[in-house]
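Novice: model this:
(one chain, ligands or ions: 1)
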Amino acid sequence: MATQAPLVKNGDSGMTELPPAAKRVEAAARILGLEIEIRTMPASTRTAAEAAAAVEASVGQIVKSLVFKGETSGKAHLILVSGRNRVHEPAMSEILGEPIIRPDADFVRAATGFAIGGVPPLGHAAPLATWMDEDLLQYETIWAAAGMPYAVFARPRSATRGGAGARDQGEVTARFSAASTAARRGIGATAP
Ligand code: 5CA
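Specialist: Have a look, this model is predicted:
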């Protein structure tokens with residue numbers, strides 16, 4: 001499916017007014033003390049493959065911000081996964097203590113405040129239980145969606161663990177440290 005992006009120049013966020021959804025991401029990052037430079041791209045960054053092509057990175061460097069729904073609790077779980085990996089749903093269900101299902105687009109928007117294809121790792125409508133794929137830590141730079149299916153931002157490795165999905169950096173850092181080893185069992189590589 002082709003996505004028509006507005007006519008903005010690559011990396012021209014300083015000159016061009018950011019769309020409101022991207023501004024929310026920027027503001028959320030600023031509250032956390034993270035300076036991010038959001039890039040609005042001339043082509044779609046809706047999927048990890050498209051985002052990788054747009055920023056000339058490997059697909060593994062792209063953060064997929066995947067929302068799952070707890071089947072019992074109805075709770076949203078945000079799982080930040082390297083673009084080259086997939087969530088192993090049965091294993092992740094075991095870790096989370098309930099079956100997880102892929103929610104529909106309305107659920108994702110209600111839980112995060114953003115549309116599928118642009119869901120960012122931070123700046124959500126409400127706090128989200130967040131898990132991160134440790135594979136993301138191997139890259140010097142990772143890229144995540146910035147609220148829109150044609151906007152992304154980069155994070156250096158030094159800031160990844162605390163900053164990738166943080167609403168409260170201290171809390172998330174602690175949670176990632178505790179959770180990511182367990183989460184490894186729930187996230188596997190797509191390629192053999
Ligand atoms: N902007 C890119 C890379 S930063 C991005 O957001 N990728 S993503 O993987 O996090 O988001 C796309 C994901 O949304 C797909 O992998 C898919 O799991 C999910 N998705 C796509 N369409 C639907 C749908 N109709 N219902 C539920 N989930 C969907």
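Novice: for the chain, which residue occupies the most central location?
Specialist: Closest residue to the average C-alpha location of the chain: residue 65 at 3.1 Å, with CA atoms, centre = their mean.
Novice: list phi and psi for that residue.
Specialist: Note on residue 65: backbone dihedrals following degrees, to the nearest 10 are phi -100, psi 90.
Novice: and it, what is it in contact with?
Specialist: Listed by CB atoms under 8 Å, 6 or more residues apart in numbering, the contact set of residue 65 reads 78, 80, 112, 119, 120, 121, 144, 145, 165. In this view, the C-beta of every residue, glycine as well, is placed from N, C-alpha and C.
Novice: could you look up the SS state of the first one?
Specialist: By that I understand residue 78. When classified by DSSP: H, G, I helix; E, B strand; the rest coil, residue 78 comes out as strand.
Novice: so residue 51 is in which element?
Specialist: When secondary structure is defined by DSSP states H and E, residue 51 falls within helix 48-55.
Novice: what does that helix contact?
Specialist: If you take CB under 8 Å, 6+ apart as the criterion, helix 48-55 is touched by 39, 41, 43-45, 57-59, 61-62, 64, 83, 143, 145, 152, 154.
Novice: if we go to 6 Å?
Specialist: Helix 48-55 is contacted from outside by 41, 43, 44, 45, 59, 62, 64, 83, 143, 152, using CB atoms under 6 Å, 6 or more residues apart in numbering.
Novice: coming back round to it: show me what contacts the residue nearest to the residue nearest to the centre of the chain when sequence neighbours are not counted?
Specialist: Nearest non-adjacent residue to residue 65, counting by CB to CB, 6 or more residues apart in numbering: residue 119, 4.4 Å away. When contacts are counted by CB under 6 Å, 6+ apart, residue 119 touches 65, 112, 145.
Novice: can you redo those residues as a markdown table with pLDDT and distance to residue 139?
Specialist: Shown next, in a markdown table, are those (pLDDT from 0 to 100; distance: CB to CB, whole Å):
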| residue | pLDDT | distance to residue 139 |
| --- | --- | --- |
| 65 | 94 | 16 |
| 112 | 95 | 24 |
| 145 | 96 | 16 |
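Novice: let me know the closest of these to residue 133.
Specialist: Within these, proximity to residue 133 (CB to CB) peaks at residue 65, which comes in at 11.0 Å.
Novice: how near is that closest one to the ligand?
Specialist: 5 Å (CB to the nearest ligand atom, to the nearest Å).
Novice: tell me how far that residue lies from residue 124.
Specialist: 9 Å (CB to CB, to the nearest Å).
Novice: how about residue 99?
Specialist: 23 Å.
Novice: thanks a lot, see you next time.
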